[in-house]
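J.: give me coordinates for this.
(2 chains)
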Amino acid sequence: MKTRTAAMEVRTMANRYATQLQFCRTRSPISHSLAQNIHAHMTASGFRPRGHILNRLIDIYCKCSNLTYGRKLFDEIPEPDIVARTTMISAYSAAGNLKLARAIFSATPLSMRDTVFYNAMITCCSHNNDGFAAIQIFRDMKRVGVRPDDFTLSSVLCALGLIVDDEKQCQQMHCAVVKFGLGLITSVLNSLVSVYVKCASSSLGLSSSGSLMGSARKVFDEMVEKDELSWTTIITGYVKSNDLVAANEFLDGMTEKLGIVWNAIISGYVHHGCCQEAVQTFRKMLSKGVPQDEFTYTSFISACINGGFFQLGRQLHCYILRTEVQPTPDFSLSVNNALVTLYYKCGKIDTAREIFNKMSIRDVVSWNAILSGYVETKRTEDAKSFFSEIPERNLLTWTIMISCLAQNGCGEEALKLFNQMRSEGFEPCDYAFAGAIISCAVLGALMHGRQLHAQLIRLGHDTSLSAGNALITMYARCGVVEAAELAFLTMPYIDSVSWNALIAALAQHGRGLEALELFEQMLKEDIQPDRITFLTILSACSHAGLVREGRHHFDSMFSSYGVSPGEDHYTRMIDMLCRAGNFSEARSLIDSMPFEPGAPIWEALLAGCRTHGNMDLGIEAAERLFELRPQHDGTYILLSNMYAHVGQWDNVAKVRKLMRERGIKKEPGCSWIEVENNVHVFLVDDTKHPRVQAVYKYLEKLGLKMRKLGYVPDTKFVLHDMESEEHKEYALSTHSEKLAVVFGLLNLPQGATIRVFKNLRICGDCHNFFKFMSRVVKREIVVRDGKRFHHFRHGECSCGNYW
DNA sequence: ATAGGGTTAG
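T.: As a prediction, this is how the structure comes out:
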């Protein structure tokens, strides 16, 4: 009597738990925490879940959050039934782990396997992009006599879609569908249509593409019962095979008000860059009374962003606020994410942040959108602190932050983050690699960059456009132009960024004429030059003293290519004209500018005046600079150097006094060199580096040899380093670039090229010194300064003393 | 327990 009551009680409890678990149907954190509570209650009341209740728990754990824990529960079952096994296979399918799914599949005795079990395994293979394996499982299934059903055929057709390449295969499957007696089942026919569609879009550009869409359409037209999916499959087929006209006709012939089909075409338009058409379709949808949902709105917002219709986007925002009084959580999340993107992309990052702050649910997309907003508006500090607050980071979060740091010159920090990301188990994508590679460019870390290049190849990212472009820049900025050229030549696809990068590489290394030739080549290949291209071209002309060419390209950039010159382009022109001593033309160019000259313009002018000793104009430029940015050290240095150039030492002293009074500190010069994968940094007069004493000793020895060849220290360059004024000549010998070069001579293999990097411009005395040194030590010395490269070889420099 | 379409972050 008593035992019967206990058994009954267990049964009632089981029923109650089973009912409760029914509520955890969606794959959401809410389901997961609910299930956890129910599970905890079971444990507390001594109820041991078995059978279908345990299977349900495993399913929820696996799909909502904790696959490992789900597997642990599964392993504790003495003899798992076919349902439990199927659950595990589909969990691994969703997690992308084909290997573990297969292990469970193989460990299941043949006698247990049923149709659903096979179906799950077939689906798992196609979810993991192995169409052939899926079809093999289907064959095994037929061989051992398990009857395929409509689900099986749908799954196999999906697998076929991955590998299909001609119409014959589609027709064969069509026959198989009829043979299995499934020729009237809507879901199976939908999958069949989808195979034709995939085949059509993979043969894009071939004549067969149109006829395949025709066959797809024929199956569709003959279907007795069509559902939402049937319509959507056809319309996305037309969109993917670039036939937007057919898509529209198809849409017009549709009497049902199926929002999802309209959504498909709107997003299709956006992906094809037809934003205007997307907007029109949205309006048509509205006027026909087709219900709109979050997918409609997000695609529409995306059209506004890509088409630059920001006002329209804001109107939609108001419309949504008015009409959606009680939005579902899913609706709010995705629409707000899209709105955040809209606002930051039209420069209203603070509005975007307000929306973000008000959101009741946020996901990683929301966080990443704001992060990108800070990155794009160059608010690096905000980006950094926001990044540290992000609760759940994904691959993209890391990638955005890494490339932000890399683009803003924080190479070391970016590389640190790159490593941290890997240690947290993320495998970097090509964009993340691009960020890390650019960091190496910033740091001049050639060996590290080469290692990343090797890893890139190993991970199969070597065909990536962004990584390839980063490699061009990295090799160029590390001083190996040939490697940059090779990277450019071996890229399977290139874009204007690739061209710009290589043109810039040649320009920085003083190969101005070659840079211009490459530009001509780019035009021949019908690549549209952009503002960066012209920036690079003007630098190339400036560095190489090609004034006539520079003037020509500047004049034609707008008239021939529609790129209007910005302040940065004018700055390059002023720089070029002043270096060449053409001050009157520089002056009139400034007067003709359509905007007020800013600090960069005056700075270029001042630098030119310093080189040529043009006192009047130089003083005027300096005065403007003092007004525009009184705290900037560069102006004081240039001005004082200008006075020194003509021997006005009292004025030099005045400028220095002014600096002291205003509390302005010169950015200390520092140079670095990579030896055996370590970066060694030297400051002026360095005493901190552990091996610097040997450097001083060798430097002295070399100095004697060089003096015999005619080297004479030029003391006026001491003024680059105000802090060492007392020991002029001694100070010269301890400029950071000299220390770094000599360190390289002592520590790099015989004959290896010395590559040194400096944060500021190279000093004139050092420049002369390295020319002699390249003769004495008989090897090539490459110095990258703040602006460009100098290759010292056989007593000459590639810049032709023109920098 | 298993299939199939439309969205937002570089």
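J.: pLDDT score for residue A:656?
T.: Residue A:656 is assigned 88 on the pLDDT scale.
J.: is it true that residue A:125 touches residue A:138?
T.: No - counting by C-beta atoms under 8 Å, residue A:125 stays clear of residue A:138, with 9.5 Å between them. Every C-beta, even on glycine, is put in place using the N, C-alpha and C of the backbone.
J.: more crowded one of these two?
T.: residue A:125 (26 against 23; other C-beta atoms under 10 Å).
J.: host element of that one?
T.: Secondary structure from DSSP states H and E places residue A:125 in helix A:115-127.
J.: and the strands in chain A, which stretches?
T.: Secondary structure of chain A (DSSP state E): strands located at A:670-675, A:678-683, A:754-758, A:781-784, A:789-793, A:796-797.
J.: hey, which of those is tucked in deepest?
T.: strand A:754-758 (a mean of 25; mean count of other C-beta atoms under 10 Å).
J.: show residues contacting that one.
T.: Contact partners of strand A:754-758, identified using C-beta atoms under 8 Å, 6 or more residues apart in numbering, comprise A:443-444, A:446, A:478-479, A:669-674, A:736-737, A:740-741, A:744-745, A:748, A:779-786.
J.: ditto for stretch A:45-58
T.: A:10, A:13-14, A:17-18, A:21, A:24, A:35, A:39, A:42, A:70, A:73-74, A:77, A:81, A:83-84, A:87-88, A:91.
J.: please redo it, this time with the cut-off set to 10 Å
T.: With C-beta atoms under 10 Å, 6 or more residues apart in numbering as the test, stretch A:45-58 has contacts from A:9-10, A:13-18, A:20-22, A:24, A:35-36, A:38-39, A:41-43, A:67, A:69-74, A:76-78, A:80-81, A:83-88, A:91.
J.: can you select the buried ones from those residues in PyMOL?
T.: Command for PyMOL that selects the buried part of those, burial taken from 16 or more other C-beta atoms under 10 Å:
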select buried, chain A and resi 13+14+17+20+21+24+35+36+38+39+42+67+70+71+73+74+80+83+84+85+86+87+88+91
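J.: within reach of DNA strand B, which of the contacts of stretch A:45-58 are there?
T.: A:83, A:86, A:87 (C-beta under 7 Å from any atom of the strand).
J.: roughly how far does the second one sit from residue A:70?
T.: When you say that, I think you mean residue A:86. 13 Å (C-beta to C-beta, to the nearest Å).
J.: any common contacting residues for these two?
T.: Residues touching both residue A:86 and residue A:70 (C-beta under 10 Å, 6+ apart): residue A:59.
J.: and the helix holding residue A:125 with DNA strand B, contact?
T.: Yes - for helix A:115-127 and DNA strand B, the contact criterion (C-beta under 7 Å from any atom of the strand) is met by A:115, A:116, A:117, A:119, A:120, A:123, A:126, A:127.
J.: so residue A:601 makes contact with residue A:587?
T.: No - applying C-beta atoms under 10 Å as the test, residue A:601 and residue A:587 come out as separate, 11.1 Å apart.
J.: those residues of the stretch 101-250 of chain A touching DNA strand B, which are they?
T.: Residues of the stretch 101-250 of chain A lying near DNA strand B (C-beta under 7 Å from any atom of the strand): A:114-117, A:119-120, A:123, A:126-127, A:149-152, A:154-155, A:158, A:186-188, A:190-191, A:194, A:227-229, A:232-233, A:236.
J.: among these, name the buried ones.
T.: Here, 16+ other C-beta under 10 Å leaves A:116-117, A:119-120, A:123, A:126-127, A:149-152, A:154-155, A:158, A:187-188, A:190-191, A:194, A:229, A:232-233, A:236 buried among these.
J.: from residue A:310, how far off is residue A:283?
T.: As for residue A:283, its distance to residue A:310 is 17 Å (criterion: C-beta to C-beta).
J.: who has more neighbours, these two?
T.: Shown here are residue A:283 and residue A:310; by other C-beta under 10 Å, residue A:310 has more neighbours (16 against 10).
J.: was I right to think that one contacts residue A:339?
T.: No - judged on C-beta under 10 Å, residue A:310 makes no contact with residue A:339 at a distance of 11.5 Å.
J.: pick out the residue closest to the middle of chain A.
T.: residue A:431 (4.0 Å; C-alpha atoms, centre = their mean).
J.: give me the distance between that residue and DNA strand B.
T.: 3 Å (C-beta to the nearest atom of the strand, to the nearest Å).
J.: residue A:486 versus that residue, what's the distance?
T.: Taking C-beta to C-beta, one finds residue A:431 at 22 Å from residue A:486.
J.: ok, how many other residues are close to the nearest residue to residue A:331 once chain neighbours are set aside?
T.: Nearest non-adjacent residue to residue A:331, counting by C-beta to C-beta, 6 or more residues apart in numbering: residue A:294, 4.5 Å away. When neighbours are counted by other C-beta under 10 Å, residue A:294 registers 21.
J.: got a list of what residue A:294 touches?
T.: Contacts of residue A:294 by C-beta under 10 Å, 6+ apart are A:263, A:320, A:324, A:327-328, A:330-338.
J.: which of those are buried, as a PyMOL select command?
T.: To isolate the buried subset of the contacts of residue A:294 in PyMOL, counting by 16+ other C-beta under 10 Å, use the following:
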select buried, chain A and resi 263+320+324+331+332+333+334+335+336+337+338
